[in-house]
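> Turn this into a model:
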Amino acid sequence: MFSMSSYAYASNEPSEEQVKAAFIFNFAKFVKWPSHSFETENNLNLCIAGQDKVELALKSLERKEVQGHVLKIVAVNDEPTQAKLKICHILFIARSEKSRQLQWLNAVEQQPILTIADNLDLVKQGGMISLYLEAQRVQFVVNQSSTQNNGLKLSARMLQLARVPK
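Residues are numbered from 1 along each chain as shown. I've put the predicted structure just below:
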């Protein structure tokens with residue numbers, strides 16, 4: 001009987017992608033955007049560049065409330081341009097776009113858009129938050145100078161939870 005309940009518990013654990021989506025959703029709770037970021041609409045736009053399993057998990061979070069705003073998922077799969085991305089509050093760069101990651105980052109440079117990817121190269125290239133696995137646990141690292149340079153303020157609590165990858 002014990003092994004059956006252990007098995008049932010193990011099979012109900014969230015996937016790596018669901019955990020990463022939860023991290024991204026929770027990051028939105030601990031970021032302060034400039035007030036002008038919400039002048040045109042009340043949505044918090046989470047833009048997704050590319051496709052992977054994290055994208056699917058993020059779509060399940062659409063319409064949830066974050067800091068008084070409704071989370072809206074927006075696919076941005078064409079060419080990375082500043083005009084197209086100006087509606088974004090968060091830009092998640094999927095693994096399928098890793099080869100164009102720098103282009104995506106350049107398109108949102110100097111804009112208050114939180115950039116996130118699930119590879120460590122992102123913060124090295126000037127992005128803001130990299131998700132990664134360490135000891136089979138999802139962790140994250142923050143490029144604080146990048147967030148500050150783009151007008152975003154991260155809570156002290158969030159910064160305390162960030163790790164330095166080994």
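
> ranges for the strands of the protein?
Using DSSP state E, the strands found in the chain span residues 31-32, 43-49, 65-66, 69-75, 90-93, 114-117, 129-134, 137-142, 153-154.

> Please convert those to JSON lines, extending it with mean neighbour count, distance to Phe23 and mean pLDDT.
(C-beta placed from N, C-alpha, C; glycine too.) Putting these into JSON lines (neighbours: other C-beta atoms under 10 Å; distance: least, C-beta to C-beta, whole Å; pLDDT from 0 to 100) gives the following:
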{"stretch": "strand 31-32", "mean neighbour count": "17", "distance to Phe23": "13", "mean pLDDT": "96"}
{"stretch": "strand 43-49", "mean neighbour count": "23", "distance to Phe23": "12", "mean pLDDT": "96"}
{"stretch": "strand 65-66", "mean neighbour count": "14", "distance to Phe23": "13", "mean pLDDT": "94"}
{"stretch": "strand 69-75", "mean neighbour count": "16", "distance to Phe23": "14", "mean pLDDT": "95"}
{"stretch": "strand 90-93", "mean neighbour count": "27", "distance to Phe23": "11", "mean pLDDT": "97"}
{"stretch": "strand 114-117", "mean neighbour count": "26", "distance to Phe23": "9", "mean pLDDT": "98"}
{"stretch": "strand 129-134", "mean neighbour count": "19", "distance to Phe23": "6", "mean pLDDT": "94"}
{"stretch": "strand 137-142", "mean neighbour count": "17", "distance to Phe23": "6", "mean pLDDT": "95"}
{"stretch": "strand 153-154", "mean neighbour count": "16", "distance to Phe23": "13", "mean pLDDT": "96"}
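
> a markdown table please, covering these and showing distance to Ala21.
Rendered in a markdown table, the data for the strands of the chain read as follows (distance: least, C-beta to C-beta, whole Å):
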| stretch | distance to Ala21 |
| --- | --- |
| strand 31-32 | 16 |
| strand 43-49 | 10 |
| strand 65-66 | 13 |
| strand 69-75 | 10 |
| strand 90-93 | 9 |
| strand 114-117 | 11 |
| strand 129-134 | 10 |
| strand 137-142 | 10 |
| strand 153-154 | 19 |
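
> Indicate which one of those is closest to Leu105.
When these are ranked by proximity to Leu105, the top entry is strand 114-117, at 6.2 Å, counting by C-beta to C-beta.

> the inter-axis angle of the longest helix seen in the chain versus strand 129-134?
The residue-count maximum for a helix in the chain (DSSP state H) belongs to helix 16-29. Going by axes from the mean of the first three to the mean of the last three C-alpha atoms, to 10 degrees, helix 16-29 is angled at 140 degrees with respect to strand 129-134.

> So which helix or strand of the chain has the lowest pLDDT on average?
Using mean pLDDT, DSSP states H and E, the weakest-scoring helix or strand in the chain turns out to be helix 2-11, at a mean of 35.
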